[in-house]
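Q: Provided below for reference: sequence and predicted model.
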Amino acid sequence: MLGPLEQILQRDGYIIYISGAKEKGKTDFGLFLAEFSHINKYRTKISTNIETESYMIEKQITNLPDLKDWLQEKGKKLFILDEAGLSIPKLRFMSSMNIEIMKILQMIRHYDAGFIGIAPSTKNIDSTFMNTDILDAHIKKITKRVAKVKDYLQNDTYFLEDIPKTTINFNSKHIAEFKMERTLILSELPLCCQVAASYSSTGNMGQVATAFKLEKMQIQRLIRKHCQHTLVTRNEHPEGIDRHESLPEP
């Protein structure tokens with residue numbers, strides 16, 4: 001059914017890009033490739049930034065730190081990045097985002113994972129990602145049932161026809177996001193961080209004290225504590241800034 005494309009899906013460390021006009025079934029096809037890979041045991045761990053509750057999708061990953069952590073886990077992995085034009089946009093040569101893109105692709109290769117990026121057009125994608133030395137295949141959806149494959153592994157171009165829909169249910173209205181940093185949830189941070197963030201936004205010690213049902217002196221102590229451990233984290237533990245509540249006080 002997938003012809004030579006199936007050989008790519010079996011490879012260690014492959015990278016595929018899917019493009020196509022609106023309503024041509026790009027996301028559906030990306031998830032179909034994931035489903036096909038799961039059924040045939042080419043990939044046992046699949047994640048994506050697409051909103052879905054399918055048992056075949058291990059987790060939803062929407063930021064680079066979580067992707068890095070996941071790639072280091074054991075198992076045959078595949079990550080699908082939808083709306084890649086939002087995450088891998090055209091940028092000036094060797095911009096900071098460009099460098100991060102190269103790191104992502106290198107991690108995919110290093111951990112023998114599969115990667116499928118989805119975006120409407122190559123005009124939306126940074127040329128770093130479109131480098132044929134990196135890319136194994138570029139698939140353009142012509143219709144919902146037909147796709148054109150530029151297979152760089154076989155140095156060939158061919159068509160896929162009668163492509164079935166995926167059985168993986170997903171939210172087609174959801175805009176799949178992917179960010180370079182984790183989104184911090186204020187309520188999940190230590191109390192001193194919550195207080196410091198609140199004071200930073202209001203600038204009013206009394207309002208903060210009322211909101212947290214504390215005395216002003218307690219608020220001052222918490223802000224002082226936040227400043228101390230933040231300094232320790234950044235200077236001595238730069239890799240642990242999200243976990244600084246567990247670090248020693250200076």
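A: Received, thanks. Treat the numbers as computed from the prediction; the structure is a model and nothing was measured.

Q: so how many other residues sit close to Leu189?
A: 17 (other CB atoms under 10 Å). (Each C-beta comes from the backbone N, C-alpha and C, glycine too.)

Q: hmm, Thr44 is touching Lys74, no?
A: No: assessed by CB atoms under 8 Å, Thr44 is found out of contact with Lys74, at 9.6 Å.

Q: in this structure Ile168 contacts Glu51, no?
A: No: the pair Ile168 / Glu51 is not scored as a contact, 11.2 Å apart, by CB under 8 Å.

Q: follow-up on the earlier one: who's more crowded, Thr44 and Lys74?
A: Thr44 (14 against 8).

Q: what about the strands in this protein?
A: 15-20, 45-48, 59-60, 77-81, 114-118, 137-141, 147-151, 156-160 (DSSP state E).

Q: which outside residues touch the longest one?
A: When contacts are taken as CB atoms under 8 Å, 6 or more residues apart in numbering, the neighbours of strand 15-20 outside the stretch itself are 8, 26, 29-30, 33, 84, 105, 108-109, 114-122, 125, 129-130, 134-142, 147.

Q: what angle sits between that strand and strand 137-141?
A: The directions of strand 15-20 and strand 137-141 differ by 20 degrees, with axes from the mean of the first three to the mean of the last three CA atoms, to 10 degrees as the criterion.

Q: mind picking out the helix or strand in the protein with the poorest mean pLDDT?
A: For the chain, the helix or strand with the lowest mean confidence is helix 84-87, at a mean of 55 (criterion: mean pLDDT, DSSP states H and E).

Q: out of the strands of the chain, nearest to Ile223?
A: For Ile223, the closest of the strands of the chain is strand 59-60, at 34.8 Å, according to CB to CB.

Q: domains of this protein?
A: Per automatic domain parsing, the structural domains of the chain span 5-160, 186-246.

Q: lowest average pLDDT across those domains?
A: Comparing mean pLDDT across these, the weakest is domain 186-246, with a mean of 74.

Q: return the most buried member of the domains of the chain.
A: Of the domains of the chain, the one with the most neighbours on average (mean count of other CB atoms under 10 Å) is domain 5-160, at a mean of 18.

Q: and the end-to-end length of that one?
A: 9 Å (CA to CA, to the nearest Å).

Q: how near is Tyr117 to Lys76?
A: Heads up, residue 117 is Gly, not Tyr. Computed as CB to CB, to the nearest Å, the Gly117 to Lys76 distance reads 19 Å.

Q: repeat for Pro164
A: Pro164 sits 23 Å away from Lys76 when distances are taken as CB to CB.

Q: what values do phi and psi take at the closest residue to Asp28 other than its chain neighbours?
A: With sequence-adjacent residues excluded and distances taken as CB to CB, 6 or more residues apart in numbering, Asp28 is closest to Thr166, at 5.4 Å. Per-residue torsions, Thr166: phi -70, psi 150 (degrees, to the nearest 10).

Q: need the contact list for the residue nearest to Gln220 when sequence neighbours are not counted.
A: Of all residues not flanking Gln220 in the chain, Met205 sits nearest, at 7.3 Å (CB to CB, 6+ apart). By CB under 8 Å, 6+ apart, the contact set of Met205 is 199, 216, 219-220.

Q: save those as CSV, and put in distance to Lys68 too.
A: CSV is the format used below for these (distance: CB to CB, whole Å):
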residue, distance to Lys68
Tyr199, 32
Lys216, 41
Ile219, 36
Gln220, 38
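
Q: just flag the most distant two among these.
A: Taking CB to CB as the measure, the contacts of Met205 span a maximum distance of 10.8 Å, between Tyr199 and Lys216.
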